[in-house]
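Trainee: can you look at this prediction? I've put the sequence above it.
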Amino acid sequence: METKKIFLLPTELCFSKEPAEIATLLGSCVSVCLFNRKFKVGGMNHFMLDRTPDGHTPSGKFGDYSMKTLIGMMLSCDKNASNMEATILGGGNVVGHLNVENGIGSRNLAVARSILDENDIRVINDRDVSGDHGRKVHFKTWTGEVEVRRIQRSEDTRLILEKKKDLMNRRVRVLIVDDSKTVRCIISSALREDPQIDVVGEAENPYQARELLLEYDPDVICLDIVMPKMDGITFLKKLFLYKPTPVIIISTIVQAGSKIREQAKKIGAIDVIDKAELDLYARPDIVRSVLVSKVKMAAATYVKKKTAEELNKI
């Protein structure tokens, strides 16, 4: 038997009267596979969020719209909802940003169950939901068969999520390294205005920074490049060789397109900022608005060690 093969992206849904194998990949998103036992037809959706917020246009992104639209398609070929059965899938805590904290996976599952119940559609399987892994789903519309394969997290993803969970319970520790006391003070004052950031130390050169690094174990280092005793690029290489730590370079010699800027990124700097862009001495509001978000993003980033051979090539 010839069958169509369809891959659903997030926000999409599909109903087919002809035999089709529908596939998708799920994380915190949810898919519902609907099968009509009498007419041997089926459909599936893939939605990202539970309900359409006020003022937003309904779309397949939202579970309330996606579920009602898919059910409407199924009812177009058979008005008797009792001939339908549903399998609910997904809703895991697997995306490495906000989903772990705000429970979007659970809310997606709840809206799917609620709308199926409102329409008297029997759920025959909702066991392959939640958890901390992704899923690859294949649904055969002519038999109702659903095949699910688990997608395990990579080690990097696991470490990132562990780091984010840790940061939920405490402030982000920041070390500032710059030979200018004035610059250190400006950056420190801007960051300290945010209650979620703790400036644990200031150093005027990498040698002082090394001691503070060992003492405070900062989550992020704000690092200048032009400094006495050891320049910032050399220190950055040493960090990634011995103690990889998220670093934001803040320097006067990292203009867009400069070789030093590209070198810092290749070594592993999370971000590179030209001091001129911050207008350090005149606009503390810019310093605060730019740096706070970048520091928080850097803190939640997992960085890997590099070998001496790798670093020597940069």
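Mentor: Structure received. Bear in mind that the values here come from a model prediction, so they are computed numbers and not experimental data.

Trainee: and stretch 296-311, what's buried?
Mentor: Neighbour counts over stretch 296-311 (16 or more other C-beta atoms under 10 Å) mark 296, 298, 299, 300, 302, 306, 311 as buried. No exception for glycine: its C-beta is placed from N, CA and C like everyone else's.

Trainee: before we move on, what about stretch 7-22?
Mentor: So stretch 7-22, judged by 16+ other C-beta under 10 Å, has buried residues 8, 10-17, 19-22.

Trainee: do the same with stretch 214-226
Mentor: With burial defined by 16+ other C-beta under 10 Å, the residues of stretch 214-226 counted as buried are 218, 219, 220, 221, 222, 223, 224, 225.

Trainee: mind listing what the third one touches?
Mentor: The contact partners of residue 220, by C-beta atoms under 8 Å, 6 or more residues apart in numbering, come to 172, 173, 174, 175, 245, 246, 247, 248, 270, 295, 298, 299.

Trainee: average pLDDT across whichever strand or helix holds residue 70?
Mentor: Using DSSP states H and E, residue 70 sits within helix 63-75. Computed over helix 63-75, the mean pLDDT rounds to 98.

Trainee: give me phi/psi at the closest residue to residue 69 other than its chain neighbours?
Mentor: Leaving aside its sequence neighbours, residue 69 sits nearest to residue 13 (C-beta to C-beta, 6 or more residues apart in numbering; 6.3 Å). Residue 13 adopts backbone torsions of phi -150, psi 160, taken as degrees, to the nearest 10.

Trainee: in three-state terms, how would the residue of the chain most remote from its centre be classified?
Mentor: Here the centre of the chain is the reference, and by C-alpha atoms, centre = their mean the most remote residue is residue 38, at 41.9 Å. Following DSSP: H, G, I helix; E, B strand; the rest coil, residue 38 is assigned to coil.

Trainee: ok, it touching residue 81?
Mentor: No - using C-beta atoms under 8 Å, residue 38 is not in contact with residue 81, being 11.4 Å away.

Trainee: what's the spacing between the residue nearest to residue 69 and residue 114?
Mentor: Computed as C-beta to C-beta, to the nearest Å, the residue 13 to residue 114 distance reads 18 Å.

Trainee: now do residue 27
Mentor: In this view, residue 27 and residue 114 are 21 Å apart by C-beta to C-beta.

Trainee: do residue 166 as well
Mentor: According to C-beta to C-beta, residue 166 stands 34 Å off from residue 114.

Trainee: pick out whichever of these two has more residues nearby.
Mentor: Between residue 166 and residue 114, counted using other C-beta atoms under 10 Å, residue 114 has the larger neighbour count: 15 against 12.
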